[in-house]
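1. task: produce atomic coordinates for the following.
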Amino acid sequence: MPKAERVASTLRRALVAVVAAALLLSLTPVAQTQAASHDNPLIHPKEYKPLQPGSIPVKKEFVNILLLGFDADYKSYAQDGGDSHTDAMMVVSISTTDHTISLISLPRDTLTYVPGIRGIYKLNGAVNAGGGKNEDGLLKACQSVSVLLGNVPIDYYFGIDMDMIPKAVDHLGGVDLNVAIPFSTQSGKRYSTGMKHLDGEAVYSYMRARKSAEGTDKARTRRQRSAIAAILHKIQQEKLFLKLPQILLDIQGGYYTNISPTALLPLLPLAMNADVKTMKMVSMEGSLRVALNDWNIHFVNQEARRDLIEDIFGIDVQPLRYSSYSYCQWLVGNGQAGDGALGVLRYLYVTDQVLEYALESADPAGEIAPARQAVAELRGRLEDAFCETSERVDRIKGSYKTDPESVKLNREMNEVKEQLYTAVKELAEKSGFPGDSGKGPLGQGDLRWAYPARWETDPAINEVYVNFH
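-> Take a look at the predicted model:
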């Protein structure tokens with residue numbers, strides 16, 4: 001959806017929400033006060049708030065740079081009008097106090113809530129949700145990564161189209177790298193394991209190799225870290241910083257950064273003095289599971305995340321909310337379109353359409369206003385029920401179906417959902433809301449109550465559609 005349309009859609013929904021809130025204030029002030037305290041990002045996406053200097057005790061000061069590698073634009077989802085995803089994501093964190101350096105890999109399939117954007121995404125789609133390979137999209141990627149790292153600020157980003165890596169590495173004269181797996185380049189040259197001198201094509205092929213004895217994305221990110229570390233080591237040890245302007249000139253159009261020439265001046269001595277030999281290389285640990293119907297999702301290990309952030313940044317963080325496998329099971333229920341808690345989001349979306357239409361409808365008989373009030377009240381109750389149940393499911397371990405309190409709350413939520421269904425149908429009839437065929441464009445004047453099998457295409461759930469398939 002173009003940015004202008006997204007803004008217009010958001011404004012319309014905001015207007016409906018304001019009117020519904022006004023109605024609720026006159027009917028159920030206690031329930032409305034409770035709803036305001038909920039923080040589920042599928043209902044109320046959070047705005048980004050980085051840690052402020054002095055807000056917490058920190059052991060060191062850092063400069064954090066997000067590195068992004070974009071896969072090829074020729075892939076099918078890019079040809080259909082979408083930007084390529086970030087194939088690799090790492091944070092280079094350099095301490096300005098003791099010059100230590102850390103390289104943190106962030107699995108691209110990590111479950112993510114993009115700040116300020118309603119919906120549930122993968123980390124490698126945060127840039128797409130934010131608008132693509134432009135400043136807005138890249139800053140959204142920085143914000144999403146920052147949240148994953150406990151809201152530690154990301155100062156700069158540097159993205160590169162992966163097919164530009166061969167040219168950049170060749171400018172450096174290649175790199176020495178301890179090869180972990182046998183692999184072949186696109187031109188057919190084969191490499192065995194062990195210490196090797198790799199040219200640009202070989203580095204590119206090694207970083208992207210998928211089919212190997214290791215066979216996991218975790219192993220792939222480990223190879224990417226080692227390749228980036230080798231590049232940084234080569235630049236520092238051979239003092240190749242002066243070659244960087246020429247490299248950037250040669251890959252012009254294939255990289256994206258907010259590091260201005262003015263910002264680069266203080267960064268160069270910092271990079272030159274960083275202790276690359278003792279560079280710490282880590283990854284955000286977790287488990288890759290099929291979830292949310294058919295996505296491969298990386299679920300972060302909460303304890304490992306806390307330890308990583310404490311070890312590198314010296315701060316204590318709270319667990320990520322709404323990010324467990326069991327929570328995702330609750331969202332999709334039995335895995336059928338329209339089933340599960342995601343269905344509540346579609347009901348709220350349909351309700352908002354009918355409320356918006358009814359607000360502009362003539363009401364000579366005085367029938368629409370009370371029907372509208374009834375719908376607004378039930379809508380508030382359903383939103384409350386969704387958020388209350390999600391908070392309970394988020395806190396438990398294991399399936400929500402084995403937790404009596406979660407089962408009770410879920411049943412009550414679905415009872416309110418059915419009541420809202422009846423009330424909205426009545427309001428739609430009284431106000432003359434057009435259509436109930438189920439054949440109209442999704443979200444455009446049609447009472448379509450079940451979300452589609454590919455739920456991520458539904459604007460009721462994900463504000464911005466990102467193609468992961």
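
2. next secondary structure after the helix or strand of the chain with the lowest mean pLDDT?
-> Sorted by mean pLDDT, DSSP states H and E, the helices and strands of the chain end with helix 29-35, the least confident at a mean of 37. For helix 29-35, the following helix or strand on the C-terminal side (DSSP states H and E) is strand 62-70.

3. who does that following strand touch, helix- and strand-wise?
-> For strand 62-70, the packing partners by 3 or more CB pairs under 8 Å, 6 or more residues apart in numbering; DSSP states H and E come out as strand 86-95, helix 135-148, strand 156-161. Placement of C-beta: from N, CA and C, glycine included.

4. wait, isn't I43 in contact with C387?
-> Yes. At 6.0 Å, I43 and C387 qualify as touching, with contact defined as CB atoms under 8 Å.

5. now the helices and strands packed on strand 62-70 in CSV, with mean pLDDT?
-> Output for those, formatted as CSV (pLDDT from 0 to 100):
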stretch, mean pLDDT
strand 86-95, 92
helix 135-148, 97
strand 156-161, 95
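
6. with neighbour numbers in mind, choose between I43 and C387.
-> C387 (21 against 17; other CB atoms under 10 Å).

7. what ranges does the stretch 251-400 of the chain have for its helices?
-> With DSSP state H, counting those that start in this stretch, the ranges of helices along the stretch 251-400 of the chain come out as 261-273, 302-313, 325-332, 342-359, 368-395.

8. now tabulate these in a markdown table and tack on mean pLDDT and distance to D458.
-> Converted to a markdown table, those look like this (pLDDT from 0 to 100; distance: least, CB to CB, whole Å):
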| stretch | mean pLDDT | distance to D458 |
| --- | --- | --- |
| helix 261-273 | 85 | 40 |
| helix 302-313 | 96 | 29 |
| helix 325-332 | 94 | 13 |
| helix 342-359 | 92 | 7 |
| helix 368-395 | 96 | 16 |
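
9. so which of these comes closest to F62?
-> Nearest of these to F62, taken as CB to CB: helix 302-313 at 6.8 Å.

10. so G130 touches C142, yeah?
-> No. Applying CB under 8 Å, one finds G130 not in contact with C142, separated by 9.4 Å.

11. and K239, what does it touch?
-> When contacts are counted by CB atoms under 8 Å, 6 or more residues apart in numbering, K239 touches M272.

12. confirm it sits in a helix?
-> No. K239 sits outside any helix when classified using DSSP: H, G, I helix; E, B strand; the rest coil, being coil.

13. now it: how far from I94?
-> Using CB to CB, to the nearest Å, K239 is found at 17 Å from I94.

14. do R379 as well
-> From R379 across to I94, the span is 49 Å (CB to CB).

15. neighbour count winner among those two?
-> Ranked by neighbour count (other CB under 10 Å), R379 and I94 place R379 first, with 26 against 22.

16. show me what contacts the more buried one?
-> By CB under 8 Å, 6+ apart, the contact list for R379 reads A20, L348, T351, D352, L355, L420.

17. low-confidence stretches in the stretch 201-350 of the chain?
-> 210-216, 336-338 (pLDDT under 70).

18. sec struct for the nearest residue to F313 once chain neighbours are set aside, please.
-> Leaving aside its chain neighbours, F313 sits nearest to V152 (5.4 Å; criterion: CB to CB, 6 or more residues apart in numbering). Following three-state DSSP, the label given to V152 is coil.

19. tell me, how many residues neighbour V152?
-> 22.

20. roughly how far apart are it and T96?
-> Per CB to CB, V152 is found 14 Å from T96.

21. report the set of residues contacting both of those two.
-> Joint contacts of V152 and T96 (CB under 8 Å, 6+ apart) are F62.

22. what number of residues lie near D87?
-> Using other CB under 10 Å: D87 sits among 18 other residues.

23. ugh, wrong one, I meant Q246
-> Other residues close to Q246 by other CB under 10 Å number 10.

24. nearest residue to it in space, please, no chain neighbours.
-> Counting by CB to CB, 6+ apart, the residue nearest Q246 is H171, at 6.8 Å.

25. residue contacts, that neighbour?
-> Residues counted as contacts of H171 (CB under 8 Å, 6+ apart) are K243, Q246, I247, D250.

26. and if you look at L149?
-> V91, I104, I309, F313.

27. can you give me the distance of the first one to K189?
-> Pointing back at V91 there. 32 Å.

28. hmm, back to that, out of the contacts of R379, which comes closest to Y121?
-> Nearest to Y121, judged by CB to CB, of the contacts of R379 is L348 at 19.3 Å.

29. surely the closest one and E383 touch.
-> Yes. Look at L348 against E383 with CB under 8 Å: they come within range, at 6.4 Å.

30. find residues that contact each of the two.
-> By CB under 8 Å, 6+ apart, L348 and E383 have these common neighbours: I43.
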